[in-house]
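**Q** the amino acid sequence is not available; the structure is as follows:
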């Protein structure tokens, strides 16, 4: 284990992920708020004196974003994997890191944001504590206000949180209500969310 300068790390041929990095801004914000929860894994120095990333390319990219504003992110915690593995073995490690990972369910996320909102009281504070954008925090906080049946439909994967919020607002507007408490209206909102 060692903290290594970002300039001494390269993305090379052992990486499986070549283009699907996604938006790393929320990951960067999370690292800024909570620190790096899991170090990246790199090879020993190559003939050019560089370490090649095995696992953690998105975390590395997030650090690159952070160092532009704060030099304390110029080094990243790394595990140096000194096993004698070939490129195929490294690719297997790279894909297996995420292949078996079970993401949090939507309901688990909703409950965590609800607890954070109860404690910190503002969307901005929740976003800062959770290490996400205000729009993400607002979405999950607003989702906590949906009827239980809709939250369960989100958790079951029947509808997305975004579509649930959109359909709920549309049915509320159509009914001239601020909230839905009739089961048939809630079911109508769920059906509309499925259609979206």
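**A** Received, thanks. What you are looking at is a predicted structure, and each value in this text was computed from that prediction instead of being measured.
**Q** CA only for contacts and neighbour counts going forward, please
**A** Will do.
**Q** buried sites along the helix or strand of the chain with the lowest mean pLDDT?
**A** Every helix and strand of the chain was ranked by mean pLDDT, DSSP states H and E. The lowest is helix 87-99, at a mean of 72. Counting neighbours by 16 or more other Cα atoms under 10 Å, one finds that the buried residues in helix 87-99 are 90, 91, 93, 94.
**Q** for whichever helix or strand comes after it, packing partners?
**A** Proceeding N to C from helix 87-99, the next assigned helix or strand is helix 106-120, under DSSP states H and E. Judged by 3 or more Cα pairs under 8 Å, 6 or more residues apart in numbering; DSSP states H and E, the packing partners of helix 106-120 are helix 123-130, helix 134-143, helix 148-155.
**Q** for residue 73, find the nearest of these.
**A** Of all the helices and strands packed on helix 106-120, it is helix 123-130 that lies closest to residue 73, at 18.1 Å by Cα to Cα.
**Q** tell me which residues are up against that closest one.
**A** The contact list for helix 123-130 (Cα atoms under 8 Å, 6 or more residues apart in numbering) reads 29-30, 33-34, 113, 116-117, 120, 133-134, 136-138, 141.
**Q** spatially nearest residue to the residue most central in space within the chain, not counting backbone neighbours?
**A** Centroid-nearest residue in the chain, with Cα atoms, centre = their mean: residue 27, separated by 6.3 Å. Using Cα to Cα, 6 or more residues apart in numbering and skipping residues adjacent in sequence, the residue nearest residue 27 is residue 62, 6.3 Å away.
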